[in-house]
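S.K.: here is my input, please return the structure:
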Amino acid sequence: MSLISARITEDLKTAMRARDTIALETVRALKSAIKYAAIEKLGADADLDDPDAIAVVRKEIKKRQDSVQQFESAGRQELADKEKAEIVVLEKYLPVAMSHEELVALVETVIAELGATSKKDMGRVMKLVGERTEGRADGKTVSSEVSKRLS
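M.R.: As a prediction, the model looks like this:
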């Protein structure tokens, strides 16, 4: 069992004891999403490792961010606030984010290692940077930094 899965199980019990409905619903949904991803990737009795589980957490956060935008544009602030509260719960499962300076240094190092010079090399750079960040940086932010340097 991965560390995140064990932590989710403990947080589920804690939320039940505390009668925290937002945390309980959010953690249950996350546990379900991770189990579904594990079944889809590895089969019925499988467990995802931490990097794959982190990817599922990021996906769930992205869904909720999209929902917040939709609810706010529709004037449904109470639903947007609920989604924002769920995002806060989910963010506890992400590793500590890289600072902007760390990310810039990593991108520059990878570009130098690969000898990348143009936008054509962006895929190779993104792949290697993604592996080295280990879920500590958002893909959109990484893409933006790589684009700035490969012009």
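S.K.: contacts only, for E72.
M.R.: By Cβ atoms under 8 Å, 6 or more residues apart in numbering, the residues touching E72 are A80. Bear in mind the C-beta positions are built from the backbone N, C-alpha and C, glycine included.
S.K.: secondary structure element for it?
M.R.: helix 50-73 (DSSP states H and E).
S.K.: can you check D45 too?
M.R.: Using DSSP H and E, D45 sits within no helix or strand.
S.K.: cool, the one 3 residues further on as well?
M.R.: L48 is located outside every helix and strand, with elements delineated by DSSP H and E.
S.K.: how close does it get to L12?
M.R.: 16 Å (Cβ to Cβ, to the nearest Å).
S.K.: low-confidence stretches in the protein?
M.R.: 1 (pLDDT under 70).
S.K.: how about the residue sitting nearest the centre point of it, what does it touch?
M.R.: By Cα atoms, centre = their mean, the chain has its centre lying nearest to R58, at 2.1 Å. Counting by Cβ under 8 Å, 6+ apart, R58 touches L94, G135, D138.
S.K.: same check, this time on R136
M.R.: P95, V96, A97, M98.
S.K.: give the helix, strand or coil label for it.
M.R.: coil (DSSP: H, G, I helix; E, B strand; the rest coil).
S.K.: with adjacent residues omitted, what lies nearest to it?
M.R.: Distance criterion Cβ to Cβ, 6 or more residues apart in numbering; nearest residue to R136, sequence neighbours excluded, is M98 at 4.6 Å.
S.K.: okay, and that neighbour sits in which element?
M.R.: Using DSSP H and E, no element contains M98; it sits outside every helix and strand.
S.K.: sorry, back to before: now the helix holding E72, how far from the centre of its chain.
M.R.: When C-alpha coordinates are averaged (Cα atoms, centre = their mean, to the nearest Å), helix 50-73 and its chain have centres 7 Å apart.
S.K.: what of stretch 144-151?
M.R.: With Cα atoms, centre = their mean, you get 22 Å for stretch 144-151.
S.K.: what does it contact?
M.R.: Here stretch 144-151 makes contact (Cβ under 8 Å, 6+ apart) with 103-104, 107-108, 111, 116-119, 121-122, 125-126, 129.
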